[in-house]
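A.B. asks: here is a sequence together with a model predicted from it:
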Amino acid sequence: MKKLLFPIIFYSTIIIAQNPDPAFNPMTAQGAKGIDWSDHILFWANPSGVQYNECYFSSDSALVANLDTSVRIQNGYPSTVFNSVSVTSLLQNTKYFWRIVEYNASGNSSSPVWDFYTQPPATFLFEYHFDNDFEGWQNAGPLGYNNWHWVNDSHTGSSPGEIAFFWDPVFIGDSYIMSPEIPCPAGATVLIEFRYYEDWWSDTVVVGSAITSDNGNNWSSIWELHATGNVGPDIFYTTISATGNFRLGFYYTGDSNNIDFLYVDDIWLATPITVSYPPSLLQAQASLTEQKVTLSWNQGVPLGPPTGYKIQRKNGLPEDDSTYIDLLETSAGTHNYDDEAVELNQNYTYRIALLSGPGYISHFGNEATAYVPDVLTQLKTEIQLPAKFSLEQNYPNPFNPSTKIKYSIPAVIANEVKQSQTVSIIVYDITGNKITTLVNEQKPAGTYEVDFDGSNLPSGIYFYQLKTGSFVETKKMILLK
């Protein structure tokens, strides 16, 4: 007899321990501006399997990037996992950096270095994105009047539309372009930020940014680049002490034949004036079970009587090139909102301003980002409409003195539109006399319940009848006192 041989195969599974994933979804969104310097809370989301974590925070980006323990403000060792931290008494008009380190038994992982800007004492924002034209900027010479152009390009890494310096026509000397006048109190600290890209040609190329308080007759440089190769795209930010109203400018100096192009975009200035403070703690939280993002915010500080809030939304993250659109304006007493006009597997960024009377609007406060997951863990239950007319037995039965009557109306569609129907429910005694009408009105499709009270009736048998169109159904009930 032949024997059947079955090979036995042994499988072994190698389990490789892994470091935790990094923290994600910073609630004070990357690059947020206008954060309250007196009291703010940072939120973030942690991955699964974390044993403890740390938070590093400072205005010195190098200390945070290098995880210097001198700027570690939270240490959960050995078993505490934080998802928020309060930061207070910050400097005004300052850029701060923060990151989270997650630990498990296998090792650790660090989040990106996130950053935000605190508010000046009160700010007005001047923003220039050059989407369609120079937006009021003008050539200021003394040479190169024909070298500055508006171009529909995105060399700086932002959305199309930027100002550009061209090498041609060739000149040797200085050429400036300057902004409209920026209102500013004397002695105020001003925050300035812009994007740039320098396209080098030969030798040393000198470009820069400067301010003038006399319409371009005299300039004070605030940034200068000596380039021996292409530089950027990059972002520059600084603070200056203004002597009063001023204009911001950009310049080329030297032989213009040494450069190809200089591109500038997304110029942002924050100047202190008397305005309202917007909410500084806008939070956005995507639901895991419903297709919506829930927003909440604190009150802010109005200049006049508060009248409401203005909320804007854009697709993507704060640093993305998408444009903010108005989402809604709320009343002064509203501090939360559910945005249900969202798509799955999408990031959304929100910002908020405070409205106050008479006619004041603050700048926009911090941005908040939420990711709507591509698969919800539990979808909304679809409401099933009745498929046919029905009249159920009253409950309780017998009853004393009241009972409930349940009935259902199906959907009737005419001209592709669901139609309501006239429904009546009438109660009769055993001799057929009408006692009362419980329902007599138009009803859309659905299941309903109505109460019948027999307190003023004697014990006995009664009938209740549902009638709608050609449908009639009658049931018996017993009142027993």
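C.D. replies: That came through fine.
A.B. asks: neighbours around Ala186, how many?
C.D. replies: 10 (other CB atoms under 10 Å). Any C-beta I mention is one placed from the backbone N, CA and C, and that applies to glycine too.
A.B. asks: would you map out the domains in this structure?
C.D. replies: Annotated domains of the chain cover 32-117, 125-272, 283-372, 390-479 [automatic domain parsing].
A.B. asks: now tabulate the ones you listed in a markdown table and tack on mean pLDDT and distance to Asp21.
C.D. replies: Output for the domains of the chain, formatted as a markdown table (pLDDT from 0 to 100; distance: least, CB to CB, whole Å):
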| stretch | mean pLDDT | distance to Asp21 |
| --- | --- | --- |
| domain 32-117 | 92 | 4 |
| domain 125-272 | 92 | 27 |
| domain 283-372 | 86 | 14 |
| domain 390-479 | 85 | 46 |
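A.B. asks: could I get these as CSV with distance to Pro26?
C.D. replies: Below are the domains of the chain laid out as CSV (distance: least, CB to CB, whole Å):
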stretch, distance to Pro26
domain 32-117, 5
domain 125-272, 18
domain 283-372, 8
domain 390-479, 44
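A.B. asks: tell me what the helix or strand harbouring Lys314 is packed against?
C.D. replies: Using DSSP states H and E, the element containing Lys314 is strand 306-315. Packing partners of strand 306-315 (3 or more CB pairs under 8 Å, 6 or more residues apart in numbering; DSSP states H and E): strand 325-331, strand 346-356.
A.B. asks: partners of Ala284 in the sheet?
C.D. replies: For Ala284, the beta-bridge assignment (DSSP bridges) gives partners Leu295.
A.B. asks: how close does it sit to Ala105?
C.D. replies: 33 Å (CB to CB, to the nearest Å).
A.B. asks: same drill for those two, tell me which one is more crowded.
C.D. replies: Ala284 (23 against 9).
A.B. asks: how about the more buried one, what does it touch?
C.D. replies: By CB atoms under 8 Å, 6 or more residues apart in numbering, Ala284 lies in contact with 27, 293-295, 348-350, 368-370.
A.B. asks: quick one: end-to-end length of stretch 24-32, please.
C.D. replies: 16 Å (CA to CA, to the nearest Å).
A.B. asks: flag every buried residue along that stretch.
C.D. replies: 25-32 (16 or more other CB atoms under 10 Å).
A.B. asks: how about stretch 452-459?
C.D. replies: Result for stretch 452-459 [16+ other CB under 10 Å]: buried residues 452, 454, 457.
A.B. asks: next: stretch 99-117.
C.D. replies: Per 16+ other CB under 10 Å, stretch 99-117 contains these buried residues: 99-104, 108-111, 114-117.
A.B. asks: repeat for stretch 83-92
C.D. replies: By neighbour count with 16+ other CB under 10 Å, stretch 83-92 contains the buried residues 85, 87, 90, 92.
A.B. asks: element containing Ala164, please.
C.D. replies: Ala164 belongs to strand 162-166, assigned by DSSP H and E.
A.B. asks: chain center to that strand: distance?
C.D. replies: Here the centre of strand 162-166 is set off from its chain's centre by 32 Å, with CA atoms, centre = their mean, to the nearest Å.
A.B. asks: picking that back up, which of the contacts of Ala284 sit farthest apart?
C.D. replies: Distance extremes for the contacts of Ala284: the farthest pair is Thr294 and Thr349 at 14.8 Å, using CB to CB.
A.B. asks: report the contact partners of the closest residue to Asn147 other than its chain neighbours.
C.D. replies: Distances taken as CB to CB, 6 or more residues apart in numbering place Phe166 nearest to Asn147, at 5.2 Å, with adjacent residues excluded. Phe166 is in contact with 147-149, 261, counting by CB under 8 Å, 6+ apart.
A.B. asks: can you select the buried ones among those residues for me in ChimeraX?
C.D. replies: A single ChimeraX command selects the buried members of these (16+ other CB under 10 Å):
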select :147,148,261
